[in-house]
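**Q** quick one: sequence and predicted model below, then my questions.
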Amino acid sequence: MENPSEPEPVMRFTDVTKVYPLPAGDVVALNKISLYIAQGEFIAIMGPSGSGKSTLLNLMGCLDTPTEGELYIKGKRVKGMTDEELTSLRRDHIGFIFQQFNLIPLLTALENVQYPFILKTGAADSKGRSIEVLESMSLETNLFSHKPSELSGGQQQRVAIARALVNDPEILLADEPTGNLDTKTGSAIMELLSDLNRNRGKTIIMVTHDPKIAEYAHRTIRIVDGKIV
Amino acid sequence: MQSAVFFDFAKRNVKIHWVRSLLAVLGIIIGVVTISSMGILGNSLVLSISDSLSTVGDTVIVSPHTGSGVRMGGTTSDSISERDVEQIRRAVAPDVTIPVYSGGSRMKVGTEDTAGVIYGLKPDDIPILLDLKEGSYIRGASGAMAGERFAEENNLKIGSRITIADKGSLRIVGILKERGMGFDINPDYGIVVEDKWFEQAYDPAGYDLVIVKVKDLGTIAAVKEAIEKKLNRRDTIVDVIDTKAILETILDAFGRITTFTTAIGGISLIVAGVSILNIMMMSVTERIREIGIMRSIGTQRKEVMKMFLFEAFILGLIGSSIGGLLSFIGGYAVSIVMLESTQYLFVPSSLVYILYGMAFGIGTSMLSGFYPAWKASELNPIEALRHD
Ligand SMILES: Nc1ncnc2c1ncn2[C@@H]1O[C@H](COP(=O)(O)OP(=O)(O)OP(=O)(O)O)[C@@H](O)[C@H]1O
Ligand SMILES: [Mg+2]
């Protein structure tokens, strides 16, 4: 914004601080973080446990708002947004991929993918789009009607990624996407994410403990005690 | 369209936890059935009494004043003199005044002993007061009419002879239609004779009862007052009651009973509401993580709320529908057993209680679902996601 020749970054953090007020004393989870993330980047966030990685990712995903500092997502100022606006932003522009997969147990694989699409568009013909995305995740068609509990971890994560993609968001946020998968399945999932970044231009921000997994990213941000090092 | 998704979610949740849903539904059913069936029953009673109101509610009954213990110890009962009857007649004209003698006696039919009430009436007055079942009304002094039940029990036919103890015998010329409970006279278990015959047989001091048939129901209170003014000016010599006032008092009492029983239905609905609240809270608590997932991928607060309200609505709708149906069946059964007719069930003022019951059922469910739904929508997505 300050420099019109530069494209507006997908994410812009300026001195962002996140404090959790607790009876035993405030916990400073993030301490004056500043960072830019450009369109199409693939970023790994690494750091010791409790350093603030998930907190940072939650801020990026508009699940939480900063205590102090400014945060712009796709040029929109997050501070002062209503819960409804934040929710719409998540629904339309951000895809979440979780370590626990977090599919809705009540719904089949296909329905899980359809759900955010219906939320956004209200469309009755959500099936075509959802099948297309699930197929692009190379999930066998006969598994579409399975409930999450009837799928393997790798299969569940493919469904979860399809769900994150169905509304065609620019940003994918992944908190240890391979944390619950074996090495081989994890690699396959990472190949999928790399492909989405390379060929579909998705901006991917991923938290991981595993240096091997971090190698898939172009840039690694390290945090210790809520600060970028 | 989005609403359809949340309705679908709600439906699935109701189905998955069907035992729990069933219990909640059961509570609603009981509440709805209580409210509706009590309402229907009360309304049917009121309607059937109102019907009687128009048939027997047009009567003013004058009876000798039963003093406050002045006349102890078996002296002859008070009566209304011919002069008093004339005064009443003048006071209420053009309404019809019917003086009545009444007594009881042992009688003989053939060789069988029996007993019954005897009413002495002027032949012209009988058709005004009593309906004929068969035969004819009395013409001569030797004729008598038998009440339907009395005739049945004593095997009386037209032409049968009946002997009144010490007073001679009479021929049955007509059988009266059964009259049922009334406020004036009830010849169902007795006979009606001509007043002349009664006078000659018993030599009464006066009449036992004077009945005034009021043509215009609106004037009934005025008629009553006119009689009292005429006869009770100095001393209270007659008691005057109008049947309309009595029926209205009964009606009022029934109305109160109906309100009371319907309120009991309301209480059972409150209990049902609490159980729905409980079940919905359970549903919210065990789905905290699911709510977290839904919120994180872009479900609005109000949409979460909608989902849970739908759930409450579905429970209420199922309970109310079943309850409505059962109330109808129940109302039908009760009408047949208690009123021996369903004519008061199939009227809007009765059936509307089913709608009331159902509306209360759904309303209670929604009200009970509101707090859990609001709780669910207020969950912090991050904390909800971490929950397990
Ligand atoms: N809701 C909360 N309330 C209070 N403190 C919190 C809350 N969430 C996080 N914290 C604290 O903030 C700090 C950062 O937590 P965060 O979850 O971001 O760490 P992390 O880097 O993701 O750790 P891990 O690798 O174990 O997942 C921790 O000290 C944590 O205890
Ligand atoms: Mg974490």
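**A** Cool, the structure landed. Ligands and ions are numbered 1, 2, ... in the order given.
**Q** just list the residues touching the residue lying closest to residue B:43 once chain neighbours are set aside, thanks.
**A** Distances taken as CB to CB, 6 or more residues apart in numbering or on different chains place residue B:350 nearest to residue B:43, at 4.7 Å, with adjacent residues excluded. Just so you know, the C-beta spots here come from the backbone N, C-alpha and C atoms, and that holds for glycine as well. For residue B:350, the residues meeting the contact criterion (CB atoms under 8 Å, 6 or more residues apart in numbering or on different chains) are B:39-40, B:43-44, B:47, B:331, B:344.
**Q** go on, residue B:175?
**A** B:132-135, B:145-148, B:151, B:156, B:158.
**Q** mean confidence score for the host helix or strand of residue B:240?
**A** Secondary structure assignment for residue B:240, by DSSP states H and E: strand B:238-242. Throughout strand B:238-242, pLDDT has a mean value of 85.
**Q** following element in sequence after that strand, please.
**A** By DSSP H and E, the next helix or strand past strand B:238-242 is helix B:243-286.
**Q** angle of the next helix or strand after that next one against helix B:243-286?
**A** Note on helix B:243-286: by DSSP H and E, the next helix or strand toward the C-terminus is helix B:288-296. Interaxial angle, helix B:288-296 versus helix B:243-286 (axes from the mean of the first three to the mean of the last three CA atoms, to 10 degrees): 80 degrees.
**Q** so does helix B:288-296 get close to ligand 1?
**A** No: Helix B:288-296 lies apart from ligand 1 when judged by CB under 6 Å from any ligand atom; the minimum separation is 12.6 Å.
**Q** which other helices and strands does that helix contact?
**A** The contact analysis (3 or more CB pairs under 8 Å, 6 or more residues apart in numbering or on different chains; DSSP states H and E) places helix B:288-296 against helix B:301-334, helix B:381-386.
**Q** who wins for proximity to residue A:48 among those helices?
**A** helix B:381-386 (19.1 Å; CB to CB).
**Q** okay, strands next: where are they in chain B?
**A** B:59-64, B:96-109, B:112-121, B:132-135, B:143-146, B:161-164, B:168-176, B:190-194, B:209-213, B:238-242 (DSSP state E).
**Q** may I see the buried residues of the second one?
**A** The neighbour-count check on strand B:96-109 (16 or more other CB atoms under 10 Å in any protein chain shown) flags B:96-103, B:105, B:107-109 as buried.
**Q** for that strand, output the C-alpha coordinates as CSV.
**A** C-alpha atoms of strand B:96-109 as CSV (Å, rounded to 0.1, in the frame of the first residue of the first chain):
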residue,chain,number,x,y,z
VAL,B,96,-96.9,-19.0,31.6
THR,B,97,-97.4,-19.9,35.2
ILE,B,98,-97.7,-23.6,36.0
PRO,B,99,-98.7,-24.5,39.6
VAL,B,100,-97.7,-28.1,40.6
TYR,B,101,-98.9,-30.4,43.3
SER,B,102,-96.4,-33.1,44.2
GLY,B,103,-96.4,-36.0,46.6
GLY,B,104,-95.4,-39.6,46.8
SER,B,105,-97.3,-42.7,47.5
ARG,B,106,-97.3,-46.5,47.6
MET,B,107,-99.1,-47.9,44.5
LYS,B,108,-100.2,-51.2,43.1
VAL,B,109,-99.9,-52.3,39.6
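**Q** partners of it in the sheet?
**A** Partners of strand B:96-109 in the sheet, by DSSP bridges, are strand B:112-121 (antiparallel), strand B:161-164 (antiparallel), strand B:209-213 (antiparallel).
**Q** then the first one?
**A** Applying DSSP bridges to the sheet, strand B:59-64 is found paired with strand B:209-213 (antiparallel), strand B:238-242 (antiparallel).
**Q** which residues of chain A lie near chain B?
**A** Residues of chain A that fall close to chain B, judged by CB under 8 Å from any CB of the partner chain: A:58, A:61, A:63-64, A:83-84, A:87-88, A:90-92, A:96, A:98, A:102-106, A:115-116, A:118-120, A:122-124, A:163-164, A:167.
**Q** no further queries at this time; thank you.
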